[in-house]
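K.L.:
Here is the input, now give the coordinates:
(one chain, ligands or ions: 1)
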Amino acid sequence: MAKANVHFDTMKNWSDEDLTALLDTADLLKSKNTRNTSAFGKVLGLLFFNPSLRTRVSFEVAAAHFGATTSIISPGQGSWTLETRTGAVMDGNKTEHIKEAVQVLSRYCDAIGVRAFSTLRDRDADESEFILNQIIQYADVPVINLESAMEHPCQGMADWMTFRQLMGKQNLKEHKLVLTWAPHPSALPQAVPLSVLEAGIRAGLQVTLACPEEMIPSTQYMHRFNQLANIGGIPLIIEKKQSKALSGADIVYAKSWASGLVYENPLLEKQLRTKTYRNWTLDGEKMSLTNQARFMHCLPVRRNVVVTDHVLDAASAAHIQQAENRLHVQKAILMKLWNLSF
Ligand code: CP
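P.N.:
Here you go, the predicted model:
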């Protein structure tokens, strides 16, 4: 079987033109509520190392809307536990290596989606996308990133689609997006915030990242985003005072993520995330500093920790619309990878 040379693994490998074409297709799919049998007989394998509600169901529904079926693989929960380490002596609790598993799945499936979160223990493994890249190496069919260590490109695309719907796709450069860090009891990966920043910058929005100094995400990614923003002519602003960042915002995107300190000093990281910066919860008073901003969050969200009930239940909240858009962008991605027509 020939190796697939097109994957939806990272937004970085797709041009602005290609991504906006996907968004235009997604808009059309949404407006027409498209359902057909153009992918009848195809099977989408969905390999989940971590839990999911939206990603799992929206991909199952997307495949069904084209007449395709899905096969869900949850290692250790009805399928074998999977080893990911290269050269591992597999005398522990892992039954099968991804090297065999992914090659076998490639013989059954027409594309493979994979969710493999960051370890938050090994920075080099996370930043090198160790698991995702092995899966791409072993797969003979297109691979779709369902949230890897450092990126959630399907979420980024749904967010970009939502920015266009909320602000109008012609004049995004006139609008300010604030991605604000929020407290959380669990250390969460940086994949979503990194994809939000990439989507916001590439959409042409005025992007401000609001977070405490210790929460500034991966240096490697921030370096690329600064370059990307400067090329686009709208520098990326980093603001450590949340109230100052929120002033004049048109869209406020709240999200928690773990500080990079999680790799070296997890106890300090937890202290910062749960106590020192506990007052970063987004509430109605903070939203009143904005330009009557719309609210976004990727979900799942911890009510009254990340953001208050007041903000989530207000008419300005767009997080459900945003979640719906996952379905439409993923249908557009399947159409592209499988060369489907309307
Ligand atoms: N936003 C998102 O990816 O949701 P799930 O984790 O539920 O898939």
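K.L.:
Spell out which residues sit in contact with the residue nearest to C211 when sequence neighbours are not counted, please.
P.N.:
Take C211 and drop its neighbours on the chain: the residue closest to it by CB to CB, 6 or more residues apart in numbering is W181, 3.6 Å away. Heads up, the C-betas are built off the backbone N, CA and C, glycines and all. Listed by CB atoms under 8 Å, 6 or more residues apart in numbering, the contact partners of W181 are P193, A210, C211, P212, M215, K255, S256, W257, Y277, W280.
K.L.:
Which members of those define the maximum pairwise distance?
P.N.:
With distances taken as CB to CB, the most widely separated pair in the contacts of W181 is P193 and Y277, at 14.9 Å.
K.L.:
Which one's more surrounded, the two?
P.N.:
P193 (25 against 20; other CB atoms under 10 Å).
K.L.:
Regarding the more buried one, what is its secondary structure?
P.N.:
helix (DSSP: H, G, I helix; E, B strand; the rest coil).
K.L.:
Strands of the stretch 51-200 of the chain, start to end?
P.N.:
Ranges of strands in the stretch 51-200 of the chain, per DSSP state E, counting those that start in this stretch, are 69-73, 82-83, 96-97, 111-115, 143-145, 176-181.
K.L.:
before we move on, back to that, just put the contacts of W181 in a markdown table and tack on pLDDT and distance to the ligand.
P.N.:
Shown next, in a markdown table, are those (pLDDT from 0 to 100; distance: CB to the nearest ligand atom, whole Å):
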| residue | pLDDT | distance to the ligand |
| --- | --- | --- |
| P193 | 98 | 12 |
| A210 | 99 | 20 |
| C211 | 98 | 20 |
| P212 | 98 | 23 |
| M215 | 98 | 20 |
| K255 | 98 | 10 |
| S256 | 98 | 13 |
| W257 | 98 | 13 |
| Y277 | 98 | 23 |
| W280 | 98 | 20 |
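K.L.:
mind listing which of those residues are in helices?
P.N.:
P193 (DSSP state H).
K.L.:
would you list the contacts of W181 in TSV and tack on distance to E239?
P.N.:
Converted to TSV, these look like this (distance: CB to CB, whole Å):
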residue	distance to E239
P193	14
A210	5
C211	8
P212	10
M215	12
K255	15
S256	17
W257	16
Y277	14
W280	12
